[in-house]
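Asker: Let me see the structure of the following:
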Amino acid sequence: MSSERQLEVLRAIVQDYVRSREPVGSRNLVERHNLGVSPATIRNDMAALEDGGYIAQPHTSAGRIPTDKGYRFFVDQIAALKPLSVAERRAIAGFLEGAVDLDDVLERSVRLLAQFTQQVAVVQYPSLRRSALRHVELIPVSSTRLMVVIITDTGRVEQRMVAMPEAIDAAVLGELRARINALGAGRELPGLRSALTDLENVFDPGQRAMVTEVVGAVLETVGEDVEERIVMAGTANLARSDTDFTRTISPVLEALEEQVVLLRLLSEMAEDASGASPAVRIGHETSSEHLSETSVVAGGYGGTGSQAIAQVGVLGPTRMDYPTTMATVRAVARYLSRILSA
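Answerer: Here you go, the predicted model:
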C-alpha cells in the first residue's frame, strides 16, 4: 500500500461495510468520514486499493467491499485493542465466577462469547499434555473393582474403571494413593511416567499386581489424546449472517459438526499467538474450503502464547467487527485463566 491515506480509505471501507453490509462507494466515504480530500482523489485511492487486491467490486454494484487481503491488512494495523467497559468486564466476571466446575466454566464462557459477539463461540478443553496433576483419588466400587479419578491443576477430571486381580486391600490402597500423590502432585502429566516407574518396587511382592494395574491405569489415562474436545455455542448466529455467504452456510455447519477441522485450526492458531493479542485467521487463511468465507479469532488461556493450555475464540463471516471481537476474546481468555488458576 503506497500511502497512509489509502490505509485510511481502506479502514473507512472496512468499518462502513461491517456496519452496513452494503458495498461502499466514494460518495459514502466523503459524506461519512473526514478524509480531507476530494471525491475524485478517493476514487483514485479506491482504484489503487482494488488493483492491489485489498477491495473488490461485487457483481455490478458501484461500491466496493474488502477482500481477505484487505481485512488482513486492516487487522495487522490494529495497534491496540480498546479495553471492554467496566460494565462489560463486571458482567463477564460475575457470570464466569458463578461456575461450579470446569465443565460449567467452559459452557458459560462460550455462551457469554456468543452473546457478546453474536458469532459462534468455541473453547477447547485444557490439554492434558500441558496440565499438571493436582490429585489422584482411588475409590473402591466393589471388592475387585476400582475407580481411578485424576484431577488436573486446571480442574479437568478424568476417570477410569479398573478390574483388580484380587480383592482390594484398603490399607495397601491408602498407601498407594498417598505415594502416587506424593510423587506426582504438581508434575506435568507427560512427566508422570518417570515419576511412577519404580513405584511397585516399594510394595511387597504380593501387593505389586494391584499397584501395577492402578499405575498402568493412571498412565494410560493421562497418555490418551482425550484433550481433543471443544464446547460450542451460538451456531444459530450463523443463520442470521447467511447473507454474508455467497453459497450457503451448510459447509460451515458441517465443519463445526465434525470439529476435526476446527480443532486443527485452533492448534495452529496457538502457534500464531504473539503477546496478549488474539490470533486471527481470515477467509482462505483457515486452509479449509468449508471455512473459506469465515474468520476465526482465538486466544489462549491458562498461559500466554505457546504456553497456553487451550484456545477460546469465535468464528463468523469475514465481515466481522475485528477490534471488538478481538478485545472480547482477550477479556474472556483472561478471566478463564484467572478462574482456573484460583
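Asker: Which elements pack onto the longest helix anywhere in the chain?
Answerer: Criterion DSSP state H: the longest helix present in the chain is helix 322-341. Helix 322-341 is packed against helix 68-76, helix 86-97, helix 102-117, strand 294-301, strand 310-317, with contacts defined by 3 or more Cβ pairs under 8 Å, 6 or more residues apart in numbering; DSSP states H and E. Heads up, the C-betas are built off the backbone N, CA and C, glycines and all.
Asker: Next, the angle helix 68-76 makes with it.
Answerer: Computed by axes from the mean of the first three to the mean of the last three Cα atoms, to 10 degrees, the angle separating helix 322-341 from helix 68-76 equals 60 degrees.
Asker: Just the buried residues of helix 322-341, please?
Answerer: 322-323, 325-333, 335-337, 339-340 (16 or more other Cβ atoms under 10 Å).
Asker: Ok, stretch 236-256 next?
Answerer: 237-238, 241, 244-245, 249, 251-252, 255-256.
Asker: Give the residue spans of the stretch 51-200 of the chain that score low on pLDDT.
Answerer: 60-61 (pLDDT under 70).
Asker: ditto for the stretch 201-342 of the chain
Answerer: In the stretch 201-342 of the chain (pLDDT under 70), the answer is 224-228, 242, 273-276, 303-306, 342.
Asker: right, and residue 93 touches residue 335 too?
Answerer: Yes. Residue 93 is in contact with residue 335 according to Cβ atoms under 8 Å; the separation is 6.1 Å.
Asker: mind checking how far the residue nearest to residue 233 when sequence neighbours are not counted is from residue 170?
Answerer: Excluding the flanking residues, the one nearest residue 233 by Cβ to Cβ, 6 or more residues apart in numbering is residue 110, at 3.9 Å. Using Cβ to Cβ, to the nearest Å, residue 110 is found at 42 Å from residue 170.
Asker: who does residue 310 bridge with?
Answerer: Per DSSP bridges, the residues bridged to residue 310 are residue 301.
Asker: For it, grab the count of nearby residues.
Answerer: Look at residue 310: counted by other Cβ atoms under 10 Å, it has 28 neighbours.
Asker: That one touches residue 123, doesn't it?
Answerer: Yes. Using Cβ under 8 Å, residue 310 is in contact with residue 123, at 7.1 Å.
Asker: Next up, the contacts around residue 210.
Answerer: Taking Cβ atoms under 8 Å, 6 or more residues apart in numbering, we find residue 210 in contact with 164-166, 168-169, 172-173, 176.
Asker: try residue 23
Answerer: By Cβ under 8 Å, 6+ apart, the residues touching residue 23 are 17, 57-58, 61-65.
Asker: at 7 Å instead, please
Answerer: 58, 61, 63-65 (Cβ atoms under 7 Å, 6 or more residues apart in numbering).
Asker: before we move on, back to that, what about the contacts of residue 210, which one has the most neighbours?
Answerer: Going by other Cβ under 10 Å, residue 176 tops the contacts of residue 210 with 22 neighbours.
Asker: Quickly find the element holding that one.
Answerer: Following DSSP states H and E, one finds residue 176 within helix 170-184.
Asker: Just the CA atoms of that helix, as PDB, please.
Answerer: Only the C-alpha atoms of helix 170-184 are listed here, as PDB (Å, rounded to 0.1, in the frame of the first residue of the first chain):
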ATOM      1  CA  ALA A 170      -7.900 -51.000  52.000                       C
ATOM      2  CA  ALA A 171      -4.500 -50.400  53.700                       C
ATOM      3  CA  VAL A 172      -2.500 -51.000  50.600                       C
ATOM      4  CA  LEU A 173      -4.900 -48.800  48.600                       C
ATOM      5  CA  GLY A 174      -4.400 -46.000  51.100                       C
ATOM      6  CA  GLU A 175      -0.700 -46.200  50.900                       C
ATOM      7  CA  LEU A 176      -0.700 -46.400  47.100                       C
ATOM      8  CA  ARG A 177      -2.900 -43.300  46.900                       C
ATOM      9  CA  ALA A 178      -0.600 -41.400  49.200                       C
ATOM     10  CA  ARG A 179       2.500 -42.400  47.300                       C
ATOM     11  CA  ILE A 180       1.100 -41.600  43.900                       C
ATOM     12  CA  ASN A 181       0.100 -38.100  45.100                       C
ATOM     13  CA  ALA A 182       3.400 -37.500  46.800                       C
ATOM     14  CA  LEU A 183       5.400 -38.400  43.700                       C
ATOM     15  CA  GLY A 184       3.000 -36.900  41.100                       C
END
